[in-house]
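Colleague: have a look; sequence and predicted model below, questions after that.
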Amino acid sequence: MFGLGAPELLIIFLVVLLLFGGAKLPELARGLGKAIRSFKEEAEGIKQEIEKAAEPSPPSPAEKKESPEQPAAKQS
């Protein structure tokens with residue numbers, strides 16, 4: 001995980017604990033979780049929009065009426 005081992009993660013956790021205190025950590029974690037969830041939802045929405053735009057749309061009834069294919073007349 002990013003080349004961080006257990007000692008490095010422990011030092012980072014202790015620094016965060018000293019900066020924010022024990023009471024603020026749950027609030028920070030909750031806010032971070034909400035932000036990540038929101039980001040994932042928006043990313044999924046954008047992915048669906050791209051897939052929807054990439055699908056070929058069926059011709060509309062007006063387009064079908066404009067270009068009816070008629071068989072060629074016989075020439076004698």
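Modeller: Cool, the structure landed.
Colleague: starting at the chain centroid, how far to the helix or strand where residue 8 lies?
Modeller: According to DSSP states H and E, residue 8 maps onto helix 6-20. Offset of helix 6-20 from its chain centre (Cα atoms, centre = their mean, to the nearest Å): 31 Å.
Colleague: okay, the angle between the helix or strand that comes right after it and helix 6-20?
Modeller: Next helix or strand after helix 6-20 toward the C-terminus (DSSP H and E): helix 25-54. If you take axes from the mean of the first three to the mean of the last three Cα atoms, to 10 degrees, helix 25-54 sits at 110 degrees to helix 6-20.
Colleague: please compute how far helix 25-54 lies from its chain's middle.
Modeller: Distance, centroid of helix 25-54 to centroid of chain: 7 Å (Cα atoms, centre = their mean).
Colleague: equivalent analysis for stretch 15-26, please.
Modeller: That offset, for stretch 15-26, works out to 31 Å (Cα atoms, centre = their mean).
Colleague: convert that stretch to PDB, retaining C-alpha atoms only.
Modeller: C-alpha atoms of stretch 15-26 as PDB (Å, rounded to 0.1, in the frame of the first residue of the first chain):
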ATOM      1  CA  VAL A  15       0.600  12.500  14.400                       C
ATOM      2  CA  VAL A  16      -3.100  12.800  13.300                       C
ATOM      3  CA  LEU A  17      -4.200  11.900  16.900                       C
ATOM      4  CA  LEU A  18      -2.000  14.600  18.300                       C
ATOM      5  CA  LEU A  19      -3.200  17.200  15.800                       C
ATOM      6  CA  PHE A  20      -6.900  16.600  16.000                       C
ATOM      7  CA  GLY A  21      -7.400  14.800  19.300                       C
ATOM      8  CA  GLY A  22      -9.400  11.700  20.000                       C
ATOM      9  CA  ALA A  23     -12.800  13.400  20.000                       C
ATOM     10  CA  LYS A  24     -12.400  14.700  16.400                       C
ATOM     11  CA  LEU A  25     -11.200  11.500  14.800                       C
ATOM     12  CA  PRO A  26     -14.600   9.900  14.400                       C
END
